[in-house]
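**Student:** only geometry, no sequence info:
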């Protein structure tokens with residue numbers, strides 16, 4: 001059976017304003033498992049929360065993927081279970097260490113099967129995008145768990161108001177904030193020559209979807225690595241107000 005061939009690149013940067021980087025990344029080209037977690041909580045707490053999430057999720061899913069074929073199981077159930085376990089571990093750490101009370105983290109997970117199926121889960125406002133350069137289209141594959149997104153869904157605010165709303169940074173769902181979480185799940189096909197982008201809000205706060213698409217379409221940046229680096233560089237040029245994390249994948253065919 002033919003297996004998907006992926007080019008990948010990851011980059012994280014503390015940005016121009018923050019003194020430390022609370023984002024954590026995980027990239028495993030062998031398992032085709034990719035994760036970004038954006039910690040919150042101040043001081044070092046956010047960094048601790050994001051690392052707990054990355055370690056817990058990657059260990060749980062890694063053990064599953066060593067034993068099973070993603071094509072033959074309901075992988076979305078495993079993604080949800082990994083997030084639930086990570087949530088419990090972060091909450092437990094907060095109980096055991098009062099100085100970490102209130103810490104939490106967003107998370108976005110992507111698993112690519114050998115046949116090119118994408119299994120995606122997110123909680124918070126870290127995102128995944130699918131980019132088709134042939135038709136110059138960018139599609140968001142995740143849902144932000146924010147107060148502004150809820151107001152938009154209710155028809156209270158418009159698309160233009162959502163982008164600059166003063167409450168746009170208020171997270172309604174994240175790991176470590178509550179015992180019951182409701183991650184967003186998605187599943188679709190990853191076609192040849194398409195790009196898949198995972199990112200923390202440090203990128204999307206600085207760049208619009210259209211600007212992201214423009215960079216990924218720019219012929220001056222040919223390789224996945226060049227495009228990945230350019231995304232982070234541009235976010236910093238435009239202000240770099242938060243930590244910036246990017247994982248960029250390209251489906252280059254099957255072998």
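**Tutor:** Good, I have the coordinates. Remember, it's a predicted structure, so these values are computed and weren't measured experimentally.

**Student:** Enumerate the positions of the helix or strand residue 246 falls within that are buried.
**Tutor:** Secondary-structure element containing residue 246, defined by DSSP states H and E: strand 244-254. Along strand 244-254, the positions that meet the burial threshold by neighbour count (16 or more other C-beta atoms under 10 Å) are 244, 245, 246, 247, 248, 249, 250, 251. C-betas here are computed from N, CA, C, even on glycine.

**Student:** For the first one, list each beta-bridge partner.
**Tutor:** When bridges are taken as DSSP bridges, the partners of residue 244 come out as residue 13.

**Student:** Pull up the per-residue confidence for it.
**Tutor:** Residue 244 carries a pLDDT value of 98.

**Student:** would you list every one of the helices in the chain?
**Tutor:** When assigned using DSSP state H, the helices of the chain occupy the ranges 45-65, 75-96, 147-153, 159-164, 201-204, 209-217, 224-237.

**Student:** from the ones you listed, which stretch is densest packed?
**Tutor:** For the helices of the chain, ranked by mean neighbour count under the definition mean count of other C-beta atoms under 10 Å, the leader is helix 201-204 at a mean of 25.

**Student:** who's in contact with that helix?
**Tutor:** The set of residues that contact helix 201-204 without belonging to it, under C-beta atoms under 8 Å, 6 or more residues apart in numbering, is 15, 23, 38, 106, 125-127, 212, 231-232, 235, 240-246.

**Student:** would CSV of the helices of the chain with mean pLDDT and distance to residue 140 be doable?
**Tutor:** Below are the helices of the chain laid out as CSV (pLDDT from 0 to 100; distance: least, C-beta to C-beta, whole Å):
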stretch, mean pLDDT, distance to residue 140
helix 45-65, 97, 21
helix 75-96, 96, 18
helix 147-153, 91, 11
helix 159-164, 83, 13
helix 201-204, 97, 9
helix 209-217, 97, 7
helix 224-237, 98, 15
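
**Student:** could you dump those to a markdown table with distance to residue 114?
**Tutor:** Supplementary listing: these in a markdown table, determined by distance: least, C-beta to C-beta, whole Å:
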| stretch | distance to residue 114 |
| --- | --- |
| helix 45-65 | 11 |
| helix 75-96 | 12 |
| helix 147-153 | 34 |
| helix 159-164 | 38 |
| helix 201-204 | 29 |
| helix 209-217 | 25 |
| helix 224-237 | 20 |
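
**Student:** closest one to residue 171 among these?
**Tutor:** helix 147-153 (8.0 Å; C-beta to C-beta).

**Student:** Show me how far the closest one is from its chain's centre.
**Tutor:** The gap between the average C-alpha position of helix 147-153 and the chain average comes to 20 Å, counting by C-alpha atoms, centre = their mean, to the nearest Å.

**Student:** Report all helices and strands that that helix contacts.
**Tutor:** Under the contact criterion of 3 or more C-beta pairs under 8 Å, 6 or more residues apart in numbering; DSSP states H and E, the helices and strands touching helix 147-153 comprise helix 159-164.

**Student:** which residues touch the helix it packs on?
**Tutor:** Contacts to helix 159-164, defined as C-beta under 8 Å, 6+ apart, come from residues 148, 149, 151, 152, 168, 208.

**Student:** got the angle between the strand holding residue 246 and helix 209-217?
**Tutor:** What separates the directions of strand 244-254 and helix 209-217 is an angle of 50 degrees, with axes from the mean of the first three to the mean of the last three C-alpha atoms, to 10 degrees.

**Student:** what separates strand 244-254 from the chain centre, distance-wise?
**Tutor:** For strand 244-254, the distance between its averaged C-alpha position and the chain's averaged C-alpha position is 12 Å (C-alpha atoms, centre = their mean).
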